[in-house]
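> Predicted model and sequence below, questions to follow.
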Amino acid sequence: MKFTPAVFAAVALSGQATAETMAVLKQRKLEAWSRQAEAGVFDLNRYAALAATTPCVNGQAGEYKCSGVDLISFLRHQDLGSSTRRGNDVWGWTSPAGREFGAVGQTDGTAFVEILKDGSLVYLGRLPTQTSSSSWRDMKVIGDHVYIGSEASNHGLQIFDLKKLLNITTPRTFSTSTDLTAHFKGFGNSHNIVAHTETNMIYAVGTGSGAGCRGGLFMVDVSNPASPKSSGCLSAGGYVHDAQCVTYRGPDSRYTGKEICFNFNEDTLDITDVTSKGSPTTISTTGYNGSSYTHQGWLADDEMRFLLLDDELDEQNKQGPAANQHTTTYIVDIADLKKPIFAGTYQSPAISIDHNQYVKDGLSYQANYGSGLRIVDVRSLKTNPTGRGLREVGYFDCYPEDDVTNGAAEFTGTWSNYPFFKSGYILLNSIERGIFVLKYTGPTLQGVAKCLKPQFLFARELTDEYPGPPKAHNPIPQEQGRQRLPPLQMQ
Ligand SMILES: [Ca+2]
Ligand SMILES: [Ca+2]
Ligand SMILES: [Ca+2]
C-alpha cells in the first residue's frame, strides 16, 4: 500500500498511523513459530491419531472444546507425508462426479486427501514445494486444476490437474516437473493466490520485487491451464495481502457486470475494477479505526451489500475495537463502492487473532488461530448493519493449549478452513496438528426454514437450541434481537 495521495488522505481521516509492514508481520510470526518449534510442537508423534469420529457432547469433542460442531475425522501432518509437519492454507475440490477432495498446505508441499461420504479421510499423496520450504503456501481451485503459490524463493505457480487423484490406490508423491500441467514462472514468490472462477483468472498477490508489480494484483489468465498467460498488473495500491474478486451484482449499479476485486492492503480496504486487465483502476481506498494489518475478508451476502474484514494485528497490538484482544470482525457497508462505510464490528467470545474467513449461506466460517473454527451467523446485517445482531452459532477449538486463559492473541492453532463442500463437511487446517474434517450440526437458514414454520423458527432462534455467544461482547437485548432478525425466506 502506501504513498498514494488517496491513501494519505484516508490515513489522515481515520487517524490510523499504526499499521505494520509485511516484513514486521512475517518476522513476528517466524519468531513465534521458532519458539513453538523449540518447544517441540512440530515433533514427530507429538499428537495422537484420532481413533474414531467424536461428536461434540457437553461442549467437548475429545480434548477439544466445541459447540454445535462434530469432529468427524483427522489426519496428522506426519500422516500426510510432510517431513516438516507444519500446516498452512487449505482449499477444496469437488470432482465432476461429486467426490470431495482437499488440498492441504504444508511448509514443504501440498498434501491431497479425499473426504469420503462418511467423512473419513484418505491420504492420496502430495505435490512437494517447487523450490524450498516456506511457512507460506496458498492454493485455490478453478475447474479441475489447483493453483499453488508460496513465499519460497522462485516458487512460481504450480498448476496441477486434480483429476490425477481420481484413481489412486496407494499414496503417491507427484513430480514437480512431469506431473504439472504447467509451471508459471512469471513471478517467483507470492503470498496469496486469489482465484476468480467465473473469469478463469488467477491473481497472485504479495509477489516479490522481481515480479515488477509492487506486490499488487499480478494477473494470470488460466483459461487454458496448460498455457497460463500474464495479462496485467494493478500496482497502484502497492502491496495487496489478500483479495476477493467477483463479477459484480451488487447494489452499486455503476459497476454491474464489472470484475471487481476487494483488496486487503495492509492498512486499507481497496476496491478495484479489473475488468480491463490492461488498465485496471482503483475505485476507493478506505482506512478504519483499529487498522494494524488489513489481512483478508469476504463478501457477507449474495447481494454484495456487506463485506467482512479481518485485521491480523489489531488484537496483538490492542488497537481500536480489538483493544480487549477478543477476535474482531469489521463490517463494511459497500452499497456505494466509491464510499464504503465501516459500519461496526463483531467480537468473538474468545481471545485470539483472526486469519481467514469465508461466508456460505449467511454463516461466516472463521479460522481464528488459537480459538479454532468459529461460525458466526451474519444474516442480521440486512436489518442491522452495525453487526450488533451477529452471533456465534458454533465452534471447534483445535488448539487446547491456550484454553485455560480463554485464548491468546498468538499465531498458533488454525490457519484456514474450507466450508464450501456440498456435503457440509468442513476442512480445518491446523498449523501444528494436521487436517480436521468437521461438521456443523446447528441450524442453518436452509435447514431450519425447510422444516419449520416461520413463527416457530422465530421462537427457536432465541432458545438454547440457537444460542448466542456465552460471553457476548455485543450483547443485544432480546427484544432488540427479535426486531433485528432478518426476514425469513422459506425455501
Ligand atoms: Ca492464504
Ligand atoms: Ca484481528
Ligand atoms: Ca484454544
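Done, it's in. Residues are numbered from 1 along each chain as shown. Ligands and ions are numbered 1, 2, ... in the order given.

> how about the strands in the stretch 251-400 of the chain?
259-264, 269-273, 281-286, 294-299, 306-311, 326-333, 341-351, 356-360, 363-367, 373-377, 391-396 (DSSP state E, counting those that start in this stretch).

> So for ligand 3, which of those strands sits nearest?
strand 341-351 (7.1 Å; CB to the ion). Heads up, the C-betas are built off the backbone N, CA and C, glycines and all.

> Can you list the buried residues in that closest one?
Applying a neighbour-count criterion of 16 or more other CB atoms under 10 Å, one finds 342-351 buried in strand 341-351.

> quick one: it near ligand 2?
No. On the criterion CB under 5 Å from the ion, strand 341-351 is out of touch with ligand 2, staying 9.6 Å away.

> hmm, that strand touching ligand 3?
No. Strand 341-351 is not in contact with ligand 3 by CB under 5 Å from the ion; minimum separation 7.1 Å.

> Show the average pLDDT along stretch 146-160.
Taken as a whole, stretch 146-160 has an average pLDDT of 98.

> what does stretch 170-180 give?
98.

> which one of the buried residues of strand 341-351 sits closest to R379?
Y346 (12.6 Å; CB to CB).

> need the contact list for that closest one.
328-329, 331, 376, 378, 387, 390, 474 (CB atoms under 8 Å, 6 or more residues apart in numbering).

> so E259 touches Q244, yeah?
No. Applying CB atoms under 8 Å as the test, E259 and Q244 come out as separate, 11.6 Å apart.

> that older thread, just flag the most distant two among the buried residues of strand 341-351.
Going by CB to CB, the pair spanning these furthest: A343 and I351, at 23.8 Å.

> For the protein, list the residues in contact with ligand 1, please.
89, 138, 192.

> ok, the second one touching S190?
Yes. Counting by CB under 8 Å, D138 touches S190, with 7.3 Å between them.

> between these two, what contacts are shared?
With CB under 8 Å, 6+ apart, D138 and S190 have common neighbours 149-150.

> Do the lengthiest helix in the chain and ligand 2 come into contact?
For the chain, the longest helix by residue count, based on DSSP state H, is helix 22-38. No. Judged by CB under 5 Å from the ion, helix 22-38 makes no contact with ligand 2; its nearest approach is 12.0 Å.

> near ligand 3, anything from the next helix or strand along the chain from that helix?
The helix or strand immediately downstream of helix 22-38 is strand 60-61, counting by DSSP states H and E. No. On the criterion CB under 5 Å from the ion, strand 60-61 is out of touch with ligand 3, staying 12.7 Å away.

> Show me what the helix or strand following strand 60-61 pairs with in its sheet, parallel or antiparallel.
Counting by DSSP H and E, the element after strand 60-61 in chain order, helix or strand, is strand 64-67. Looking at strand 64-67 with DSSP bridges, its partner strands are strand 60-61 (antiparallel), strand 391-396 (antiparallel).

> Just name the most buried of these.
Of the strands paired with strand 64-67, the one with the most neighbours on average (mean count of other CB atoms under 10 Å) is strand 391-396, at a mean of 25.

> residues in contact with that strand?
Here strand 391-396 makes contact (CB under 8 Å, 6+ apart) with 56, 61, 64-69, 71, 348-350, 363, 371-377, 428, 436, 438, 440-443, 466-469, 472, 474.

> gap between it and the chain center?
Centroid separation for strand 391-396 versus its chain: 16 Å, with CA atoms, centre = their mean, to the nearest Å.

> swap in stretch 21-38?
20 Å.

> Buried residues, it. List them.
In stretch 21-38, residues buried by neighbour count (16+ other CB under 10 Å) are 25, 28, 33, 36.

> try stretch 347-364
347-359, 362-364.

> Doesn't W91 belong to a helix?
No. Looking at W91 with DSSP: H, G, I helix; E, B strand; the rest coil, it is strand, so not inside a helix.

> Next up, the contacts around the residue nearest to the spatial centre of the chain.
In the chain, the residue lying closest to the centroid (CA atoms, centre = their mean) is N356, at 2.7 Å. By CB under 8 Å, 6+ apart, the residues touching N356 are 89, 242, 296, 310, 366-367, 415-417.

> Can you pull out the low-pLDDT segments for the chain?
1-18, 444-491 (pLDDT under 70).

> Which strand residues bridge the residue of the stretch 251-400 of the chain found nearest ligand 1?
Residue nearest to ligand 1 within the stretch 251-400 of the chain (CB to the ion): N356, separated by 6.2 Å. Note on N356: beta-bridge partners A367, judged by DSSP bridges.

> try K439
Counting by DSSP bridges, the residues bridging with K439 are D70, Y425.

> looking at it, it is touching L427, isn't it?
No. Using CB under 8 Å, K439 is not in contact with L427; the gap is 11.1 Å.

> Looking at these two, which is more packed in?
Counted by other CB atoms under 10 Å, K439 and L427 do not tie: L427 has more neighbours, with 26 against 20.

> what about the more buried one, which helix or strand?
strand 425-430.

> Quick one: end-to-end distance for stretch 299-318.
Stretch 299-318 stretches 25 Å from its first residue to its last (CA to CA, to the nearest Å).

> Now do the buried residues in that stretch.
In terms of neighbour count (16+ other CB under 10 Å), stretch 299-318 has its buried residues at 299-301, 304-317.

> count of neighbours near I148?
27.

> check contacts around it.
Contacts of I148 (CB under 8 Å, 6+ apart): 103, 110, 127, 137-139, 157-160, 193.

> Let's have these in CSV, adding neighbour count and secondary structure.
As requested, those are exported to CSV (neighbours: other CB atoms under 10 Å; DSSP: H, G, I helix; E, B strand; the rest coil):
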residue, neighbour count, secondary structure
A103, 28, strand
T110, 29, strand
L127, 23, strand
R137, 30, strand
D138, 27, strand
M139, 27, strand
L157, 25, strand
Q158, 28, strand
I159, 22, strand
F160, 26, strand
I193, 27, strand
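
> Between the residues you listed, which sits nearest ligand 2?
So of those, ranked by how close each gets to ligand 2 (CB to the ion), first place is D138, at 19.2 Å.

> Tell me who's in contact with the closest one.
Counted by CB under 8 Å, 6+ apart, D138 has contacts 88-89, 105, 148-150, 190-193.

> Swap in 7 Å and give it another go.
89, 105, 149, 192-193 (CB atoms under 7 Å, 6 or more residues apart in numbering).

> Let me know the closest of those residues to A182.
G149 (13.4 Å).

> quick one, phi/psi of that closest one?
phi -120, psi 170 (degrees, to the nearest 10).

> and it, how many neighbours does it have?
Using other CB under 10 Å: G149 sits among 31 other residues.

> mind listing what it touches?
Counting by CB under 7 Å, 6+ apart, G149 touches 138, 155, 157, 190, 193, 204.

> Now it: closest residue in space, sequence neighbours ignored.
S190 (3.8 Å; CB to CB, 6 or more residues apart in numbering).

> so that neighbour makes contact with A204?
Yes. Counting by CB atoms under 7 Å, A204 is a contact partner of S190 at 4.3 Å.

> hmm, back to that, list, out of the residues of the chain next to ligand 1, those positioned next to ligand 3.
Within the residues of the chain next to ligand 1, nothing lies near ligand 3 by CB under 5 Å from the ion.

> and those as a markdown table, adding distance to L44?
Shown next, in a markdown table, are the residues of the chain next to ligand 1 (distance: CB to CB, whole Å):
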| residue | distance to L44 |
| --- | --- |
| D89 | 23 |
| D138 | 26 |
| N192 | 30 |
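
> No more questions from me, cheers.
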